[in-house]
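Asks: heads up, no residue letters with this:
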């Protein structure tokens, strides 16, 4: 029982140590994230101080204020053009990245094709989808077939009332094969 309690104590110590290390890592990551946010804010303030110095409009005449507004509008137009160009490049790059990802998946061969379900569609439905709903076409396959009368087929075929056993005996042996060969040769000519 003492060995069991030692192993439990060691397990708990290891687990507590792991949790302690994990909490230290989270605290360190949080500090670094806060520091990174502060650095970005400082860089933003420096950039804005360089690019957009504070305006002193006190004591300007109406003409000077209008000139200042024109200058600011010209700068805004330049910035908007740059922003539009950058957005277009980003869109192009994302599209290219998607295409390359698709190519990579195709080359790996892990692209799974979805299982297709069989759908029963009538010929009328296919014609309606192809021709549109305005055209009403019915596909009656039997209407396009020629009508054949049963009497005509019976008249063309001669009726043989002979016994089939006689025919088998006549065709057996070499004589029968010769008759079959001669009959086939005669019908080919």
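Replies: All right, it came through fine. If you're wondering where the values come from, they're calculated on a predicted model, not measured in any experiment. Residues are numbered from 1 along each chain as shown.

Asks: what about the longest helix in the protein?
Replies: helix 2-51 (DSSP state H).

Asks: tell me what that helix is packed against?
Replies: Helices and strands touching helix 2-51, by 3 or more CB pairs under 8 Å, 6 or more residues apart in numbering; DSSP states H and E: there are none. Every residue, glycine included, has its C-beta placed from N, CA and C.

Asks: for this structure, give me the ranges with low pLDDT.
Replies: 1-12, 110-113, 133-181, 184-189 (pLDDT under 70).

Asks: whatever helix or strand residue 106 lives in to helix 2-51, inter-axis angle?
Replies: Taking DSSP states H and E as the definition, one finds residue 106 inside helix 62-108. Following axes from the mean of the first three to the mean of the last three CA atoms, to 10 degrees, one obtains 140 degrees for the angle between helix 62-108 and helix 2-51.

Asks: need the next SSE after helix 62-108, C-terminal direction.
Replies: helix 123-131.

Asks: show me what counts as buried in that next one.
Replies: residue 128 (16 or more other CB atoms under 10 Å).

Asks: before we move on, what about stretch 61-70?
Replies: Buried residues in stretch 61-70 (16+ other CB under 10 Å): none.

Asks: what about residue 60, neighbour count?
Replies: Residue 60 sits with 13 neighbouring residues when counted by other CB atoms under 10 Å.

Asks: for it, helix, strand, or coil?
Replies: Counting by DSSP: H, G, I helix; E, B strand; the rest coil, the backbone at residue 60 sits in coil.

Asks: ok, it touching residue 66?
Replies: No: with contact defined as CB atoms under 8 Å, residue 60 does not count as touching residue 66 (9.5 Å).
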